[in-house]
Structures are given as structure tokens and as C-alpha cells.
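Participant: I'd like to go over a predicted model; first the sequence, then the structure.
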Amino acid sequence: MSWRSKKGADLLRGHDWAVQRNQNILLSGARIIDPALGLDQTADIFIERGKIIQIGEIERDELKEHVTIDMRGKIIVPGFQDMHAHFGQPGREDRETLTTGICAAAAGGYTGVAITPDTDPYIDNAGIVKWIQDQTSGSPVFVQPVAAVTRDDEGRRLTDIDDIYHAGVRVFSDTGRPAASPEIMRRALDYMKLHALTISSRTQEASLAAGGIVREGPVSTRLGQKPWPSIAESMGAAKLLLLAMYTGGKLHLEAISSTETIDLIRWARERGVKVTCDTTPHYLALTDEACETFDGNYKTSPPLGSESDREALIAAVADGTIDAIASDHMPLTGEECLVEYSTVPDGVVGLETSLGVLAKEFGGDKPDWNQLIKLLSIQPREIMEMPKATIKAGAYADLTMIDPDAVWMVDAKRFLSKGRNTPFGGWQLPVKSMGIINRGWLVLAPDARMLLK
Ligand SMILES: [Zn+2]
């Protein structure tokens, strides 16, 4: 079942991707952008067995045997790192396996993915963390399990944080379950300080959110659907921010979607609270009006917000209040989507469309690359205490390749993910990932294969 059995490479090859390992690679004439180094230049990169050896104008004759990718007009950036994806394995392999999830991530340009603990069994002990690490070891995408804060028994006891930390986990979150009590969260935030770790959390006050399926406002009224008030999110955020303020612990708020939550985060930061946050491409690109179609592909948690929420999120990205953009990739089976809107499970797939959707929202074919790379690559790694992915000689090659001129149409049938539940089906996107180079692997998209020699 593991990647090492080559299933993943076969899956990608079956979709016409080029997959190679342990080749020396010359990337010729690429625009290289690494905001962490203040780098934006056109140059060649030579990679020898997974390591960057040379950057600059490279003399071809002196190189060891290699393949060449003609990167003229294309962009190389530090590999994208997702903070939040739901893979179904173990327990819900019908939604996504570790292998299909890894392939979807690679296709979207991600070299790393943090996967959420809401599997069956739950990721609440070091044993299952090690099992996931073993299943995904050696894959082109680094899969990092996020472990649960509380045990899978109604959230009353903390997991064995020390044990899980020593198994290599750096982020803890109870995502996918009801929020633990403030008393438990206070202890968790305190405990995490021992290892300077971050608690990541959804922000939802269950009693206010209960049963709501469309954001409370004119649209929910018009549709006659049970409303989900934005205060369900901001109330949850306020509690967590006060706890972070009180304990001095580090807090990360996941998938924020409302104006009031952004205001609260600013308020807390002005007071020195150690808080970071992310939002998702769907909150930046869509509003509650999409729900009028009663198409289950627009059903998310929290539900899509109003146009003014969307504008507030875009402004918060621009001014740096929002630190990261996570896919919140949540694959569902075809059967799960074939039911009435109110009973479709929450969540949409995102790994394969994030880059294109964000580029579209932030400037079309000329987005602010520095800003996007900070949100997709650099800041997620900082928040999760991961090593940097830096484009310099001597570093391991952990790279995303981007074609900034590849206009393409989203067709869910072509996803590598098992999930087809995208809200962006049929969208024309201005930018496409060409694939990744990571951990000795080269994974190159079908339409970029002719650039490989
Ligand atoms: Zn999620």
C-alpha cells in the first residue's frame, strides 16, 4: 500500500504525468522567485540527486549526465506547503487514500501537506502517526500528520502530546470535531508552550452554528435554509484569542471566513497575542450567492460568506493579517454528493485548483508572486516550525514549477484526487502548476512534458 510500492507513480503516469527519481536535472532559463532571499532573477539551476548544486548561468559541457527542462518563461518557487488537507485514510479510503492525496497535492504544486486528524482511527497517538509516516515515506510530497489535541472520547482528555511530539508532530488540532471546552484548551495552550508548539483550531461556537447550512443573511432568508450566523465563527475565535492572551500560548486559527474574526485577530495582535491564521481559496473567490444553485459543491463549513466578508478577507491578505492560505481539501464520494443540499457533508476539494484560483483573484496572469509565495510556501512552514524551502546552492531541491501563461479549464474528471466536489468546475484559470521537484523526485504535468529532454 505504501508509496514505495510505486502505486503513486503509476497513478500519475496513468494520467500522463512524467515521474522520475534520482535524476540530475538542469532547469534552464527559469525565473526564480524566493521572497525569503529577496530573489527574483532569471537563471539556470542544476540539481544533482535531489540537491541544488549551482544557480546562475551554467556551462552545459561540464555537467554530469542529466535531463533538461526548458523553463524559459516559466517560474520556479519554494515548494508549496498546505496546512490543512483531509485525506480519508485510514478509515475513509473511499474519499481519498494517502496515495491519491499525495498525487493530487503534487499535481497542484504542493511539496508538503499537513493532514488533519479526523480519520478513523483518529490521529491521537504516536502509533498512528508512525503508521502514516511509514506509509508516506519516500513519497514526492512530504506528508505531515496533524495530531489531535484531545483524545477520541468526547474531547475531555489531552492526547499524549509529549509522545506525539517525539514522533515528529509539530501541529495539533481538533479539526473536524466539536471544539473542546475552554478549560481543556487552556491546558493545551499551556502545555504546548513546553515545546513552543502551536495549537491550530477551527473557530466555531457549536450552539450558534447548530444545524445552519447557509450564511445568515438575505440569501439564507431567500432560500429558506437554516441560517449559520457569522457570530458562530467570531464567538469561537474570541474565546480562543482570550485563552491565547491569558496563557501566552501560540494559536493558529483555521479557515477564517468573516469580517468580525479578522477584526478580532487584529485586536488581539495589537495586544501581543501570538496568533496566526489562514483562509482558503473558496472564501476568497466565492460568496453565499453561489448557494442559490443548491449545488452541493458549494457546501462548506463555515458556509460561504457575504461579498463584504470576501472583500474583507482579500484586504486582510493584502495587509498581512492573514498569514497563509490552506486548501482545506475535503474529498467526498460521488454518492455523498448525490443527496439534498442540506445533507451533503461539508467541504470541497482544493489541492489541484488553489494556485489557479488564487492567481485569478490576485491579479490574473500577473499576480504578486512574492505575496502568493509567502502565503503558500513560506509562512505555512514558519507557523508549523518546519525547515525552510530555500532556493540556494547546497539546499535540497524543494520546488514548485509554475507556468504563468497556461490558461486552463477546471475539469473535475481529470483530478488526481478521488474527490470531484469542486466549486470551480468549468472555471477558466490563468496560471497552472507544472509539477514539483522534491525529495529526489521530478513530477511533471502532461502539458509540460515536451519541455523535458
Ligand atoms: Zn478542514
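Facilitator: Thanks, I have it.

Participant: centroid residue for the protein?
Facilitator: Among the residues of the chain, the one closest to the centroid is D82, at 2.7 Å (Cα atoms, centre = their mean).

Participant: C-terminal to the one helix or strand it maps to, what's the next element?
Facilitator: For D82, the host element (DSSP states H and E) is strand 80-85. Heading C-terminal from strand 80-85, the first helix or strand you meet, by DSSP H and E, is helix 98-108.

Participant: taking strand 80-85 as reference, get the angle to the helix or strand just after that next one.
Facilitator: Counting by DSSP H and E, the next helix or strand C-terminal to helix 98-108 is strand 110-115. On the basis of axes from the mean of the first three to the mean of the last three Cα atoms, to 10 degrees, strand 110-115 is oriented at 20 degrees to strand 80-85.

Participant: name the SS class of A188, please.
Facilitator: Secondary structure state of A188, per DSSP: H, G, I helix; E, B strand; the rest coil, is helix.

Participant: can you offset everything so residue one is 673?
Facilitator: I'll keep to 673 as the first residue from here, and by that count the last item is A860.

Participant: does the residue nearest to the centre of the chain touch I774 like I think?
Facilitator: No. Assessed by Cβ atoms under 8 Å, D754 is found out of contact with I774, at 11.4 Å. Any C-beta I mention is one placed from the backbone N, CA and C, and that applies to glycine too.

Participant: mutual contacts of those two, please.
Facilitator: Common contacts of D754 and I774, defined by Cβ atoms under 8 Å, 6 or more residues apart in numbering, comprise V785.

Participant: elements contacting the strand holding D754?
Facilitator: Packing partners of strand 752-757 (3 or more Cβ pairs under 8 Å, 6 or more residues apart in numbering; DSSP states H and E): helix 770-780, strand 782-787, helix 1026-1033, helix 1051-1055.

Participant: tell me what the residue nearest to the centre of the chain is bridged to.
Facilitator: Beta-bridge partners recorded for D754 (DSSP bridges): V785.

Participant: pLDDT at it, what is it?
Facilitator: Note on D754: pLDDT of 98.

Participant: and the gap between it and R887?
Facilitator: Per Cβ to Cβ, to the nearest Å, D754 is found 25 Å from R887.

Participant: then R828?
Facilitator: The gap separating R828 from R887 is 31 Å, by Cβ to Cβ.

Participant: more neighbours, those two?
Facilitator: R887 (27 against 11; other Cβ atoms under 10 Å).

Participant: isn't the more buried one up against L895?
Facilitator: No. Here R887 does not reach L895: they are 10.6 Å apart, not a contact under Cβ under 8 Å.

Participant: okay, and the common contacts of these two?
Facilitator: With Cβ under 8 Å, 6+ apart, R887 and L895 have common neighbours C963.

Participant: was I right about Q753 contacting A777?
Facilitator: No. Counting by Cβ under 8 Å, Q753 sits too far from A777 to count as a contact (9.9 Å).

Participant: give me the more crowded residue out of those two.
Facilitator: Neighbours per residue, other Cβ under 10 Å: of Q753 and A777, the larger number sits with A777, 32 against 29.

Participant: R703: which element?
Facilitator: Secondary structure from DSSP H and E places R703 in strand 697-706.

Participant: distance of the residue of the chain most remote from its centre relative to L698?
Facilitator: Within the chain, the residue lying farthest from the chain centre (Cα atoms, centre = their mean) is D733, at 40.2 Å. Counting by Cβ to Cβ, the gap from D733 to L698 is 12 Å.

Participant: domain ranges for this protein?
Facilitator: What automatic domain parsing lists as the domains of the chain is 675-748+1065-1123, 751-1055.

Participant: return the most buried member of those.
Facilitator: Neighbour counts (mean count of other Cβ atoms under 10 Å) averaged over each of the domains of the chain peak at domain 751-1055, with a mean of 20.

Participant: just to revisit the earlier point, residues contacting the strand holding D754, please?
Facilitator: Contact partners of strand 752-757, identified using Cβ under 8 Å, 6+ apart, comprise 773, 777, 780-788, 818, 843, 847, 872, 924, 926-927, 950, 996, 998-1002, 1022-1023, 1026-1027, 1048-1049, 1052-1053, 1055-1056, 1058, 1061, 1072.

Participant: got the angle between it and helix 770-780?
Facilitator: Note on geometry: by the same axes, to 10 degrees, strand 752-757 and helix 770-780 are set 140 degrees apart in direction.

Participant: which residues does M857 contact?
Facilitator: By Cβ under 8 Å, 6+ apart, the contact set of M857 is V821, A851, I871, S873, K911, L912, L915.

Participant: recalculate using a threshold of 7 Å.
Facilitator: Going by Cβ atoms under 7 Å, 6 or more residues apart in numbering, M857 touches L912, L915.

Participant: cool, I717 as well?
Facilitator: L699, A702, I704, I724, I727, I748.

Participant: these: which two are farthest apart?
Facilitator: Farthest apart among the contacts of I717 by Cβ to Cβ are A702 and I724. That separation is 12.2 Å.

Participant: give me the nearest residue to N696, chain neighbours excluded.
Facilitator: Once flanking residues are discounted, N696 sits nearest to H738: 3.7 Å by Cβ to Cβ, 6 or more residues apart in numbering.
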